[in-house]
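Peer 1: Provide a 3D model corresponding to the input given below.
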Amino acid sequence: MVDNANFYSLTNFELIIFESINHKYMSTYQKLKDLVAATEADATAFHQKGNKAAGTRLRKAYQEIKVLAQQGRAEVTELKSKEKK
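Peer 2: Predicted structure coming up:
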């Protein structure tokens with residue numbers, strides 16, 4: 001992680017790389033948030049109305065959430081190991 005004192009001393013190239021890396025990791029988090037938000041209608045339809053098709057879509061979304069969560073965990077581990085160096 002770059003602290004504020006070092007952040008301002010970065011060259012333009014380093015800043016672009018830093019923002020690119022940050023965007024890559026945040027995009028996984030954003031995808032996860034978006035997917036969870038998108039499942040709300042299916043969760044409601046399945047749990048409150050018993051809509052079986054919505055349950056199938058919900059299961060699929062849960063699987064995608066699992067994959068994104070695992071990817072996010074790997075990214076956090078990678079960033080933490082980079083900070084130690």
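Peer 1: can you list the low-confidence ranges for this protein?
Peer 2: 1-25, 85 (pLDDT under 70).
Peer 1: Gln71 - nearest residue in space that isn't next to it in sequence?
Peer 2: Thr28 (5.5 Å; C-beta to C-beta, 6 or more residues apart in numbering). (C-beta placed from N, C-alpha, C; glycine too.)
Peer 1: and that neighbour, how many neighbours?
Peer 2: 17 (other C-beta atoms under 10 Å).
Peer 1: following the strand or helix carrying it, which helix or strand comes up?
Peer 2: Under the assignment given by DSSP states H and E, the secondary-structure element containing Thr28 is helix 12-38. Elements were assigned by DSSP H and E; along the chain past helix 12-38, the next helix or strand is helix 40-49.
Peer 1: list the buried residues for that next one?
Peer 2: Neighbour counts using 16 or more other C-beta atoms under 10 Å place Asp42, Ala43, Ala45, Phe46 of helix 40-49 among the buried residues.
Peer 1: turn the residues you listed into JSON lines, including distance to Asp34.
Peer 2: Putting the buried residues of helix 40-49 into JSON lines (distance: C-beta to C-beta, whole Å) gives the following:
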{"residue": "Asp42", "distance to Asp34": "14"}
{"residue": "Ala43", "distance to Asp34": "15"}
{"residue": "Ala45", "distance to Asp34": "19"}
{"residue": "Phe46", "distance to Asp34": "19"}
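Peer 1: next up, the contacts around the residue nearest to Gln71.
Peer 2: Leu68, Gln71, Gly72, Glu75 (C-beta atoms under 8 Å, 6 or more residues apart in numbering).
Peer 1: recalculate using a threshold of 10 Å.
Peer 2: Each residue near Thr28 by C-beta atoms under 10 Å, 6 or more residues apart in numbering is listed here: Leu68, Ala69, Gln71, Gly72, Arg73, Ala74, Glu75, Val76.
Peer 1: how much space between the third one and Gly55?
Peer 2: Same thing as Gln71. 25 Å (C-beta to C-beta, to the nearest Å).
Peer 1: again with the last one
Peer 2: As for Val76, its distance to Gly55 is 31 Å (criterion: C-beta to C-beta).
Peer 1: now the host helix or strand of Lys66 against helix 40-49, angle please.
Peer 2: Under the assignment given by DSSP H and E, the secondary-structure element containing Lys66 is helix 52-84. Taking axes from the mean of the first three to the mean of the last three C-alpha atoms, to 10 degrees, one finds helix 52-84 and helix 40-49 inclined to each other by 130 degrees.
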